[in-house]
Structures are given as C-alpha cells and as structure tokens.
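Student: the following block contains a protein sequence and its predicted model.
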Amino acid sequence: MKTAIITGISGQDGAYLARLLLSKDFRVIGVIRQNKSIPIIGLDFLGISKNVELKEINLLDGIAVENLIKEYQPDEFYNLAAQSSVGLSFKSPVATFEFNTISTINILEAIKNHSLTTKFYQASSSEMFGNIGEENLPLKESVLFHPASPYGISKASAHWITVNYREAYGVKACCGILFNHESCLRGENFVIKKIIRTGLEIKEGKSEKLKLGELSVQRDWGYAPKFVEAMWLMLQQDNSNDYLICSGNVISLREITEIVFKKLELDFDKYVEIEASLMRNVELDIIYGDNSKAKNELGWNYDISSNQLIEKLIKDEKEFLEWKKK
Ligand code: NAP
C-alpha cells in the first residue's frame, strides 16, 4: 500500500484529493494545524473521515516537518496548505508570505535530506501571473510571472523554491499552476460560493441582497473534483514537471452571477448590489489559460463548460446544505 501525505486536508482540495487517493488504495495521512478542531467538514461530507489518519503539525516548525517525513517516508506528498485568499493577503501580507513560503521550504528540506524517493506536489496558482498584458492570453507555463497581490507573490516564491529543489537536488517535485476551481467545499469568503449561497438564501427569504465588488473581471473557473485528478496525474509521470491546470473557458463575474440568478429564477437587478469596499487594490482584468500541456502529457481530460459548471455547483451546494441540516 502506498502512503500519501496531504497538507491542507481540511480545505476544499484536500478533501477531494483524499477521496481520490483512497479510491486508489493509498494510506492517506492528513496534516492539520495544531489544536485544530475536528471533525473536518469536507472529509465528513465526502464520508471519508474514518479512512484518513490526521496528524497535528506546525508546518513552520522545521524539526516537526523533518520528523513527519522520517516517520512516514511517503511515496507522495501533496502540499496544499496555504493562506489561500487573495483578499485576506492584502490585510495580512506578512502572515500570508511567511506561512506560504516557509512551510514549503521546510517540507522540501525534509524530503531532500530524508526521503528523496518521495514525489512532491506544490499547489501553485494562476495568481502568480498577475496583471499580465492581454497579448499573453491564453496563459501558458512559459509566461513570466508578475504577481499583483501578497498571495500571488508568496505562491510565486514557493513555486520557484520547488523548481530550485528539483533542479539543484533532484527532488521529484512538480508544481500545478491551478486556476480558480470551485465546489461546495470552497471557503465561504470565495466569490462563486458566495453568489450561489446568497442566491439560495434570497430564495428562502434568509438574505435580502447580494453585495459584490468588480463584476467585469473575467476568469477561468473550473470544477475542483476534476482538478485534483491532475495533481495525482502529475506525480505518476517518470519526469517531474510543472503544469498549468485550467478549464480553458473564460467568463465574467457578471455573466456568472446572471446565470446563477437566472437558474434560481431571481431578478438580478433587484438583488445584486455593487459595494465599493469589496473592490480590490489591484484587480486583474482578465485571465484564462491553455491546458494543452496537461491534456497532452498527463492525459488529463476536462470538458466542463462554464454553464455546466454553474449547474453542478448549484446542485452540489443544495446537497451540501441538505447534508448540513442532518
Ligand atoms: P483552502 O480551502 O483555503 O484550504 C487551505 C488549507 O490550508 C486548509 O486546510 C487550511 O487549514 C490550511 N492552512 C491555511 N493556513 C494555514 C496555517 N497557517 N497553518 C496550517 N494550515 C493552514 O484552499 P483550497 O481551495 O483547498 O486550495 C488548496 C491549495 O491550492 C492552496 O494552497 C491554494 O492556495 C492553492 N490554489 C487554490 C486554488 C483554488 O481555486 N481553490 C487555485 C490555485 C491554487 P485550516 O482549515 O486549519 O484553515
């Protein structure tokens, strides 16, 4: 039986990845913060809490991370833990930068020194590209980063540290440069989740308005359960490499909100309000990617349109809310 360690198991991707790895007969060790309250809702919702072994580790503590690697000598290590909100990173730049970079170096150091056969996955982000010119679209792995938030900068640093350990020490490390991907397990502060959740609440008379920031931004949004498949595929290759993982579709936030409200039979003009305080300091206008490298080299298949994605997300959110009531 192979062993995989996942940091950030309590997050959206951690839960879906754990389910995928369990289905492939892995022993899954999930790293959680110290004093983290369990149960973990994502694992519970997917019905896999009993199958994952949880380990409390402070990933900023190099010795603790070293001991983790020595103890398990994992076949695969997925580093998903991060302060993952762009908005919050403007409010807490130091904590975001510190955690997102130092935790990654600690893990890479431990793997380099104690378990060179471990395959390592780093959760990089499309936010590393920043406000690049439209001439670079669709984005490819080769486009130069110009991050436009403390989050993007922290992820770019962790990305290059990972590449460095691969090139300098032969660590079998891959970076998945993932574009926005959504599910009912997405954090409450993320915009698609907020739109769908608030829309459902308005339907039930539990909310009056949906307040949003800039609606003209155009993004490449995908479906999280499909994106974690790409993470696993990256670590099954003979050669370690970096891959851009995205849907390849581009749609504005306004269009998404209009589609959600139409599907919920709600009047967009009546319920949606723009609030200046929700605008970001630096907002990327448009960003979408080219997933052909991942499709061709990994055999990753993604064929969900934006409309299908929204339908799935509304359906999943309803199921999730029903489950939470029980
Ligand atoms: P998420 O739901 O926000 O989960 C983040 C995870 O990191 C949680 O388990 C969280 O633990 C953990 N974490 C955060 N700060 C921590 C700290 N100081 N100490 C220990 N653990 C900490 O994120 P996600 O959507 O699953 O994304 C997974 C990874 O992919 C992240 O690195 C994210 O930046 C990256 N990414 C995500 C997207 C996306 O669209 N979802 C796109 C590109 C890249 P707690 O539950 O204890 O807070």
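Tutor: Sure thing, it's come through.
Student: which residues touch stretch 269-287?
Tutor: Outside stretch 269-287, the residues within contact range by Cβ atoms under 8 Å, 6 or more residues apart in numbering are 86-87, 90, 126-127, 129-132, 134, 137, 139, 148-149, 179, 199, 202, 208-220, 250, 257, 261. Heads up, the C-betas are built off the backbone N, CA and C, glycines and all.
Student: can you tell me how far T118 is from the ligand?
Tutor: Distance from T118 to the ligand, counting by Cβ to the nearest ligand atom, to the nearest Å: 18 Å.
Student: also S292?
Tutor: S292 is 19 Å from the ligand, by Cβ to the nearest ligand atom.
Student: for that residue, which residues are in contact?
Tutor: Contacts of S292 (Cβ under 8 Å, 6+ apart): none.
Student: one more: G87?
Tutor: N189, R280 are the contacts of G87 under Cβ under 8 Å, 6+ apart.
Student: use 53 as the first number for this chain going forward.
Tutor: In the new numbering, first residue 53, that becomes G139.
Student: which SSE is it in?
Tutor: helix 138-143 (DSSP states H and E).
Student: wait, does that helix contact the ligand?
Tutor: No: applying Cβ under 6 Å from any ligand atom, one finds helix 138-143 separated from the ligand by no less than 9.3 Å.
Student: do stretch 193-201 as well
Tutor: No: using Cβ under 6 Å from any ligand atom, stretch 193-201 stays clear of the ligand, with a minimum separation of 11.6 Å.
Student: can you list the buried residues in that stretch?
Tutor: By 16 or more other Cβ atoms under 10 Å, the buried positions in stretch 193-201 come out as V195, F197, P199, A200, S201.
Student: and L267, which of the three is it?
Tutor: coil (DSSP: H, G, I helix; E, B strand; the rest coil).
Student: verify the stated contact: it with E310.
Tutor: No: judged on Cβ atoms under 8 Å, L267 makes no contact with E310 at a distance of 9.4 Å.
Student: quick one, what contacts the closest residue in space to K315 that isn't next to it in sequence?
Tutor: Leaving aside its sequence neighbours, K315 sits nearest to I366 (Cβ to Cβ, 6 or more residues apart in numbering; 6.0 Å). I366 makes contact with I248, L252, V312, K315, L316, according to Cβ under 8 Å, 6+ apart.
Student: what do you get if the cut-off is 10 Å, keeping everything else the same?
Tutor: C236, I247, I248, G251, L252, I311, V312, K315, L316 (Cβ atoms under 10 Å, 6 or more residues apart in numbering).
Student: mark which of those residues are buried, thanks.
Tutor: C236, I247, I248, G251, L252, I311, V312.
Student: between these, which is nearest the ligand?
Tutor: C236 (11.8 Å; Cβ to the nearest ligand atom).
Student: mind checking the SS state of the closest one?
Tutor: Looking at C236 with three-state DSSP, the answer is coil.
Student: pLDDT at it, what is it?
Tutor: On the pLDDT scale, C236 is placed at 98.
Student: for stretch 273-293, measure first residue to last.
Tutor: 23 Å (Cα to Cα, to the nearest Å).
Student: quick one: that stretch near the ligand?
Tutor: No: contact of stretch 273-293 with the ligand (Cβ under 6 Å from any ligand atom) is absent, the minimum separation being 6.5 Å.
Student: could you give me the buried positions within that stretch?
Tutor: 273-287, 292-293.
Student: which SSE is immediately downstream of the helix or strand harbouring N158?
Tutor: Assigned by DSSP H and E, N158 belongs to helix 145-166. Moving toward the C-terminus from helix 145-166, the next helix or strand (DSSP H and E) is strand 171-177.
Student: ok now whichever helix or strand comes after that following strand, how far from the chain's centre?
Tutor: Next in sequence after strand 171-177, counting helices and strands by DSSP H and E, comes helix 202-221. In terms of Cα atoms, centre = their mean, to the nearest Å, the centre of helix 202-221 is set 16 Å apart from its chain centre.
Student: angle of helix 202-221 against helix 145-166?
Tutor: Counting by axes from the mean of the first three to the mean of the last three Cα atoms, to 10 degrees, helix 202-221 lies at 20 degrees to helix 145-166.
Student: could you report the neighbour count for the closest residue to K278 other than its chain neighbours?
Tutor: Closest residue in space to K278, ignoring its immediate chain neighbours: Y354 at 5.6 Å, by Cβ to Cβ, 6+ apart. Look at Y354: counted by other Cβ atoms under 10 Å, it has 18 neighbours.
Student: for Y354, which three-state class applies?
Tutor: Under three-state DSSP, Y354 falls in the coil class.
Student: coming back round to it: element containing the residue nearest to K315, please.
Tutor: Judged by DSSP H and E, I366 forms part of helix 358-377.
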